[in-house]
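Pasting a predicted model and its sequence here:
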Amino acid sequence: MEDLKPIIAKNIIDLRHAADITQAQLAEKLNYSDKAVSKWERGDAIPSIATLKEIADHFGVTVDYLISADHQAENKIKREFTERQRRNRLIVTLLSTMIVWLAATIIYVIISVSTEFRVSKAWLVFVFAVPISCIITLIFNSIWGRKKLNFLIISLLLWTVLISLCLVLFLSLQKAYFWLVLAIGIPSQIMILLSSGLKFRRNKGK
């Protein structure tokens, strides 16, 4: 049993780091204190069989994985699964975005061929398709992707919306001061940059 302590400790540390969570967050998931998780990772204590099963289920591995030192085969399978998962998620995101552009194209064609609604500004549907695509990307990145990229996507969304409004105002009102709408983006962008630097710390679980 003593020999298992450093093996289990290393495996828990590696899995926790791979999941990018803290000891406190793992402890909260398992209904343990962060001190207990710290003892496991130092090799001072070993989780019970039931707890090992909970840890294995949480990280999507087996109990055998937690008590084994050699994971070459398991890691290869996990890498292949992760690559497939990333590829599938990327395809789903791209397909969802293309649906937006397909809808924009259909609307453009309908407006262009309609004798009643024929206008020279039908191309604006493609302009508004850009911020909508940003929203789709933001949603999927929040679910699957890197949260750190959200502030870049939000920034792109902000400026594409403002530019779209500028174009609409210019074409509709023909006013020279339409570009002033872009001034809204300056403080908004500063707020986005500042909020991206915020770090929140969860309360430590008991």
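Nice, thanks for sending it over.

starting at the chain centroid, how far to the helix or strand of the chain with the lowest mean pLDDT?
Taking mean pLDDT, DSSP states H and E as the measure, the helices and strands of the chain show their lowest mean at helix 72-113, namely a mean of 83. Distance of helix 72-113 from its chain centroid, counting by C-alpha atoms, centre = their mean, to the nearest Å, is 14 Å.

For Val181, list the residues it contacts.
By C-beta atoms under 8 Å, 6 or more residues apart in numbering, the contact set of Val181 is Leu162, Leu165, Cys166, Leu169. Yep, even glycine has a C-beta here, placed from its N, CA and C like the rest.

Return the member of the residues you listed nearest to Thr51.
Leu162 (52.2 Å; C-beta to C-beta).

What average pLDDT does the helix or strand harbouring Glu28 get?
For Glu28, the host element (DSSP states H and E) is helix 23-30. Averaged across helix 23-30, the pLDDT comes to 90.

Ok, stretch 44-52 next?
Averaged across stretch 44-52, pLDDT comes to 90.

tell me how far the ends of that stretch are from each other?
End-to-end span of stretch 44-52 (C-alpha to C-alpha, to the nearest Å): 15 Å.

Buried residues of that stretch, list them for me.
Using 16 or more other C-beta atoms under 10 Å as the test for burial, stretch 44-52 gives Ala45, Ile46, Pro47, Leu52.

Include distance to Lys39 and secondary structure when you put these into CSV, please.
Below are the buried residues of stretch 44-52 laid out as CSV (distance: C-beta to C-beta, whole Å; DSSP: H, G, I helix; E, B strand; the rest coil):
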residue, distance to Lys39, secondary structure
Ala45, 4, coil
Ile46, 9, coil
Pro47, 9, coil
Leu52, 14, helix
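
State the pair within those that is farthest apart.
Among the buried residues of stretch 44-52, Ala45 and Leu52 lie farthest apart (C-beta to C-beta), at 12.2 Å.

mind giving me the domain ranges of this protein?
As recorded under automatic domain parsing, the domains making up the chain are 4-70, 84-196.

which one of those domains is the most hemmed in?
Mean neighbour count, computed with mean count of other C-beta atoms under 10 Å, is highest for domain 4-70 among the domains of the chain, reaching a mean of 16.

Quick one: end-to-end distance for that one.
Domain 4-70 end-to-end distance (C-alpha to C-alpha) = 13 Å.

Just list what the helix or strand in which Ile190 is found packs against, helices and strands only.
Taking DSSP H and E as the definition, one finds Ile190 inside helix 185-196. Helices and strands touching helix 185-196, by 3 or more C-beta pairs under 8 Å, 6 or more residues apart in numbering; DSSP states H and E, are helix 150-173.

Residues contacting stretch 131-147, please?
Contacts for stretch 131-147 (C-beta under 8 Å, 6+ apart): 89, 92-93, 96-97, 100-101, 149-150, 153-154, 156-157, 160-161, 164.
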